[in-house]
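Asker: sharing a model that was predicted from the sequence below.
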Amino acid sequence: MVSKHKEKEKTKKETWSSEKKRPVYLQMNEKEFFLELFPQDYELLDIKNFKDFDGEQFYFAKNIEELNIPRSSNEGGVCECVKENTNKALVEYFHSIINQGIELPIFINSKNQVMDGHHRMQAYNLLGRTEIPVYRNKSYRIHGFCWKKGVKGRRRLRHKTW
């Protein structure tokens with residue numbers, strides 16, 4: 001039987017680089033970073049089944065230009081990979097990740113309401129996907145700023161709860 005202390009040490013060794021004493025995610029490339037953020041164990045949901053918080057069908061942009069608006073201060077900044085702080089630029093960046101073969105699941109509740117992933121939803125829709133990967137009923141997710149330096153030079157993973 002392994003003690004809880006030994007389990008913690010094992011976890012620490014897996015997430016920290018012994019050679020540089022820095023978290024391993026600081027040494028990840030873009031693909032590794034997104035696979036850490038979005039484990040590939042998801043279910044698929046038909047695009048017609050997503051709901052907004054009023055119980056209505058989720059609204060999808062008809063074209064990318066419809067999203068060409070600055071992100072609000074509530075939405076926050078985007079990583080340096082995105083270039084512009086617009087919804088259009090963020091959706092285009094998600095296109096590039098999805099086109100590398102990395103699925104970016106949407107977080108939904110039991111009523112198929114989107115908890116996290118509105119921009120990823122738009123990306124899938126504009127790519128013509130009719131089924132979208134989802135995580136159902138998770139109360140948190142790992143949130144990352146950027147696989148490079150990130151917003152204001154930060155590059156980190158943290159838990160986001162709702």
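Answerer: Looks like it arrived, so ask away.

Asker: nearest spatial neighbour of His95, skipping sequence neighbours?
Answerer: Ala123 (5.3 Å; C-beta to C-beta, 6 or more residues apart in numbering). Using the backbone N, CA and C atoms, a C-beta is placed for each residue, glycine as well.

Asker: so that neighbour makes contact with Ser96?
Answerer: No: if you go by C-beta atoms under 8 Å, Ala123 and Ser96 don't touch, sitting 9.3 Å apart.

Asker: of the two, who's got more company?
Answerer: Ala123 (25 against 13; other C-beta atoms under 10 Å).

Asker: low-confidence ranges in this structure?
Answerer: 1-27, 76-80, 141-162 (pLDDT under 70).

Asker: for it, which segments count as strands?
Answerer: 43-46, 106-108, 114-116, 131-136, 140-144, 157-161 (DSSP state E).

Asker: neighbouring strands - and their directions - for the fourth one?
Answerer: Within its sheet, strand 131-136 is paired with strand 43-46 (antiparallel), strand 106-108 (parallel), according to DSSP bridges.

Asker: hey, C-alpha coordinates of that strand in CSV?
Answerer: Extracted C-alpha coordinates of strand 131-136, given in CSV (Å, rounded to 0.1, in the frame of the first residue of the first chain):
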residue,chain,number,x,y,z
GLU,A,131,-21.1,16.7,-34.0
ILE,A,132,-19.1,18.5,-31.4
PRO,A,133,-17.0,16.9,-28.6
VAL,A,134,-18.2,17.6,-25.1
TYR,A,135,-17.5,17.0,-21.5
ARG,A,136,-20.7,16.6,-19.6
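
Asker: list of residues touching it?
Answerer: 42-47, 50, 103-110, 121, 124-125, 141 (C-beta atoms under 8 Å, 6 or more residues apart in numbering).

Asker: which residues touch Leu35?
Answerer: Ile102.

Asker: how far away is the closest residue to Asp52 other than its chain neighbours from Met121?
Answerer: With C-beta to C-beta, 6+ apart as the criterion, Asp52 has its nearest non-adjacent residue at 5.4 Å, and that residue is Phe58. Per C-beta to C-beta, to the nearest Å, Phe58 is found 7 Å from Met121.

Asker: just Phe50 next, same as before
Answerer: 7 Å.

Asker: so what sits against both of those two?
Answerer: Residues touching both Phe50 and Met121 by C-beta under 8 Å, 6+ apart: Phe58, Ile106, Val114, Ile132.

Asker: and the residues you listed, which is closest to Glu30?
Answerer: Ile106 (20.1 Å; C-beta to C-beta).

Asker: these two touch, right, the closest one and His119?
Answerer: No: counting by C-beta under 8 Å, Ile106 stays clear of His119, with 9.9 Å between them.
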